[in-house]
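Peer 1: Any chance you can model this:
(one chain, ligands or ions: 1)
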Amino acid sequence: MRKLPPLIGDVRRLALPYFRSEERAVALGLLGAVVALELAWVYATVLLNEWNVAFYNAIQDKDLAAFRTQLLVFCAIAAGAIVVAVYQIYLKQWLVIRWRRWLTQRYLGAWLADDVHYRLRLKGDVADNPDQRISEDVELFVSRTISVGVGLLGATVSLVSFSVILWGLSGPLALSLFGHEVSIPGYLFFAALIYSAAGTLLAHVIGRPLVRLNFEQQRYEADFRVDLVRVREHGEQIALLAGGPAEERRLSDRFARVWGNFFGIMRAQKRLTWFTAGYNQISSIFPYVVVAPRYFSGGIQLGQLMQTGSAFGSVQGAFSFFVSSYVELAEWAAVVQRLTGFERAMAAARASEPAFAAAAGAGGALALSGLDVRLPSGAALMEVDGVSIAAGERVLITGPSGAGKSTLLRAIAGIWPHGSGEIARHSHHRLLVMPQKPYVPVGRLDAALTYPEPARTFARGEQEAALGAVGLPDLALRLDEEAQWPHELSLGEQQRLAFARALLQAPDVLLLDEATSALDEMAEADLYALLKARLPEATVISIGHRSTLVPLHDRVLHLHGLEAPRSLRPAGPPMLQSA
Ligand SMILES: Nc1ncnc2c1ncn2[C@@H]1O[C@H](COP(=O)(O)OP(=O)(O)OP(=O)(O)O)[C@@H](O)[C@H]1O
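Peer 2: Numbers count the residues shown, from 1 in each chain. Model prediction:
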């Protein structure tokens, strides 16, 4: 297991915000109730321990009346314990689901705000599989923190209560050491302590690899699941390429890591179970072996033997909380580590300074000066200086494949975090990016059309008119329909849908990244003419390889140079001819 102080520090950082949040009254109320019920449970076990004396002495004395009375006492204690058990589980689950809801919303907010999800992806492996961290790890963290926390509290209270009882029951142990008479008071307590401490130490040594193995297991499971989802999403392309066998090989390789690591877990858990199972078996008999001499010498009766045995078992059980919960603790430590890493990565992504300084510009105008755009690796990609684009101007950017045209649009859109320089634009102007493959969410068509605004933002008539204008009049009749639109609509139809979205949202700046690549040249010209007619004020920056795009724009900028870093300058006449 990890070193305890950092683990406790991480748990505090992850857990405290909920108990200080706007939900703190309910959270603390539920936590208080769960703790109170745990204490009530310990109290019931103390009562049962005392009941042992009267019950077993009644058996030893063949006292039927006392035996019957004690059966009734038992029923009363057991009834109370049953109520406590039922409500403790119920209230614990209540606390788990509320806490999980709060933490999930917090993580969703942090992950989706300020493009953190995208920046994390660009950074690569810093926080793998955020989906798994938000869904599974949050649930595991919340439920394990409550069960470990409450378990630890119960074990501590039980330890104190039964230690007092055991100390009282245990007479001093007289020993003769090197000719000196030594008397050890409360020797049964010390016997329980030594037995449990030895068990805890051994469990820790044997079970330590489980933390790392559990950490890896959660990661491999998530990687495998993500790959399965990708096959489902790209089913058509895979079928067209007859890629089934290739996917099967890849998925089998992925799964090999899942089961390979699981074998590691099985081996580690087997080693630990050899120890814990043996330890638990010995624990059930060990107290009686320790107390038996006093019983057989007539020092105590059967009732006291049973009470002492049970008190010894409780003290030793409380001390051994660590041994019995080692696997659970190991999983919990792994989850704490994963969530802490996720929070840190999100905070770092959010805190990273924007690469390109935003300067004030006017209207839909843009000015790019001293831009040095880089790759995540730090390698220089392109340089852009002294490029001004007037409001309402239409500019085409050309350049060889891989030159960095899309990356430049990402930088202008404000989501590319690598590089330096200044991008001047009006702080309130609205910008819409239309990529080659538009994002079309699954669900109702009107929501897909108006994304990311809610469908109700635009009147139904406006939505129908926009679809009609871009050549999709049939879809205007299906606005209420829910479907897998990304699979149902052709790429050309999706690109038309993106134009309809632009007409509705009427942005000040439009960035078109090969947004008409799936359409024929006539349809492309019609859609550009539509933009000019409906959004005459909008600044348009397009990327494309087709020469037919040139007359649809006022100016062409080209990424010059044979290799990176290329520079963006006006395209010369030869370029225009070859473009
Ligand atoms: N997230 C990323 N991580 C690492 N490299 C990237 C990333 N995104 C882009 N690149 C690299 O940056 C370079 C420019 O890519 P970009 O997509 O901007 O080119 P492009 O000019 O738009 O190409 P095309 O015309 O083929 O669409 C490429 O070499 C690409 O591999």
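
Peer 1: Can you get me a residue count around residue 409?
Peer 2: By the other Cβ atoms under 10 Å criterion, the neighbourhood of residue 409 contains 21 residues. To be clear about C-beta, it is placed using only N, CA and C from the backbone, and glycine gets the same treatment.

Peer 1: Hmm, I typed the wrong one, I wanted residue 138.
Peer 2: 24.

Peer 1: Look at it and give its secondary structure.
Peer 2: Here residue 138 is helix, with the state taken from DSSP: H, G, I helix; E, B strand; the rest coil.

Peer 1: and the gap between it and the ligand?
Peer 2: For residue 138, the distance to the ligand equals 27 Å [Cβ to the nearest ligand atom, to the nearest Å].

Peer 1: likewise residue 381?
Peer 2: Noted for residue 381: a distance of 6 Å to the ligand, by Cβ to the nearest ligand atom.

Peer 1: Now do the contacts for that residue.
Peer 2: Residues touching residue 381, when contacts are defined by Cβ atoms under 8 Å, 6 or more residues apart in numbering, comprise 373, 374, 375, 404, 407, 419, 564, 565, 566.

Peer 1: Ok, residue 530 next?
Peer 2: If a contact means Cβ under 8 Å, 6+ apart, then residue 530 has 469, 470, 499, 503 as its contacts.

Peer 1: Next up, identify which helix or strand the third one is on.
Peer 2: It refers to residue 499. Counting by DSSP states H and E, the element that carries residue 499 is helix 491-505.

Peer 1: part of a strand, is residue 428?
Peer 2: No. Assignment of residue 428 by three-state DSSP gives coil, placing it outside any strand.

Peer 1: if we can go back for a sec, for the contacts of residue 530, which single residue is the most surrounded?
Peer 2: Counting by other Cβ under 10 Å, residue 499 has the largest number of neighbours within those, with 28 neighbours.

Peer 1: returning to what we had before: show only the entries of the contacts of residue 381 found in strands.
Peer 2: Among the contacts of residue 381, the members found in strands (DSSP state E) are 373, 374, 419, 566.

Peer 1: Quick check: the last one touching residue 560?
Peer 2: Think residue 566. Yes. At 6.0 Å, residue 566 and residue 560 qualify as touching, with contact defined as Cβ atoms under 8 Å.

Peer 1: who in the stretch 51-200 of the chain is up against the ligand?
Peer 2: Where proximity means Cβ under 6 Å from any ligand atom, the interface of the stretch 51-200 of the chain facing the ligand comprises residue 122.

Peer 1: Near the residue of the stretch 51-200 of the chain at minimum distance from the ligand, how many other residues are there?
Peer 2: Using Cβ to the nearest ligand atom, the single residue of the stretch 51-200 of the chain nearest to the ligand is residue 122, 5.2 Å away. Residue 122 has 16 neighbours, counted by other Cβ under 10 Å.

Peer 1: Look up which helix or strand it falls in, please.
Peer 2: Taking DSSP H and E as the criterion, residue 122 maps to helix 116-123.

Peer 1: what comes up buried for that helix?
Peer 2: Within helix 116-123, the residues that qualify as buried by neighbour count (16 or more other Cβ atoms under 10 Å) are 116, 117, 119, 120, 122.

Peer 1: What of stretch 91-102?
Peer 2: Here stretch 91-102 shows 91, 92, 95, 96, 98, 99, 100, 102 as buried, counting by 16+ other Cβ under 10 Å.

Peer 1: Now residue 390: phi and psi?
Peer 2: Geometry field for residue 390 lists phi and psi as phi -80, psi 160, criterion degrees, to the nearest 10.

Peer 1: next one: residue 387
Peer 2: Listed backbone geometry of residue 387 is phi -100, psi 120, with angles given as degrees, to the nearest 10.

Peer 1: what sits against it?
Peer 2: By Cβ under 8 Å, 6+ apart, the residues touching residue 387 are 367, 368, 369, 557, 568.

Peer 1: Does the third one belong to a helix, a strand or coil?
Peer 2: The three-state label for residue 369, taken from three-state DSSP, comes out as strand.

Peer 1: Lovely, talk soon.
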